[in-house]
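# With the sequence up front, the predicted model follows.
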Amino acid sequence: MDTVVRTATLLVDPPAAWTRVEKEPGDVIFLLSGYVAVLALIPALSRLVGASLIGVIVPGGEVVHEPIFDGLFSAIFGYVATFAQVLLVALLIDVLAPRFGGERSFAGALNLAAYSFTPVWLAGIFLLLPGLRFLGFAALYGVYLLAMGLPIVMKSPAERTRRYAVIVAIFAAALISVTAVAQNVLFAKPGA
């Protein structure tokens, strides 16, 4: 399926999108190379351009710029870490499925993880401009997508889905936070 069509369907009509995803065989190659690889470029490139070229506002109102090589390596690090995040979240979804009354299926869990990260990657565009970074909270829509998809793809009962989604979302947020901290530690942070 076309990346743009899948993304639009997920955002506009999640139940229909998850029903289609559930019926698909789970093409890991397409998912990683045609979906994750494409959408994960949005926050990586936005962070690079935003921090290195446009600049970041630091306390006191000054605009500082990250050195271009630090920005480039940080973007590459974040991009590669995205694949690890998706795979680890998929593994957790798969392992927890029986505990929440669902059926194990790594292919289904990988679909859920990748497609649930869609709002996170799309919200990455807000890394371009310093004044818009707070709009990254729009990535929380991914938790809603996950909660909508768990009963359809992993066959978890509706009454247990909320806790299942919360646990997975907390794990995903922790992975994203660890990546952000690692980027700040490993690469020059603007204004530091």
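It's in. Residues are numbered from 1 along each chain as shown.

# Could you check this protein and say which of its helices or strands has the lowest average pLDDT?
Within the chain, no helix or strand scores below strand 56-57, which has a mean of 75 by mean pLDDT, DSSP states H and E.

# And it, what does it pack against?
Applying 3 or more CB pairs under 8 Å, 6 or more residues apart in numbering; DSSP states H and E, one finds that strand 56-57 contacts strand 63-64. All C-beta spots, glycine's among them, are computed from the backbone N, C-alpha and C.

# Given the strand it packs on, what are its sheet partners and their directions?
Strand pairing for strand 63-64, using DSSP bridges, gives strand 56-57 (antiparallel).

# what separates the strand it pairs with from the chain centre, distance-wise?
Distance of strand 56-57 from the chain centroid (CA atoms, centre = their mean, to the nearest Å) equals 24 Å.

# Also stretch 175-187?
On CA atoms, centre = their mean, the centre of stretch 175-187 falls 15 Å from that of its chain.

# And stretch 172-182, by the same measure?
11 Å.

# Let me know the pLDDT of A147.
With respect to pLDDT, A147 scores 94.

# in the chain, what spans have low per-residue confidence?
1, 130-131, 133-134, 136, 188-192 (pLDDT under 70).

# quick one: the helices in it?
For the chain, helices defined by DSSP state H occupy the ranges 3-12, 14-23, 28-29, 37-39, 41-48, 68-96, 106-116, 118-123, 141-153, 158-186.

# Can you tell me which of those helices is most buried?
The highest mean neighbour count among the helices of the chain, using mean count of other CB atoms under 10 Å, belongs to helix 106-116: a mean of 24.

# All set, thanks.
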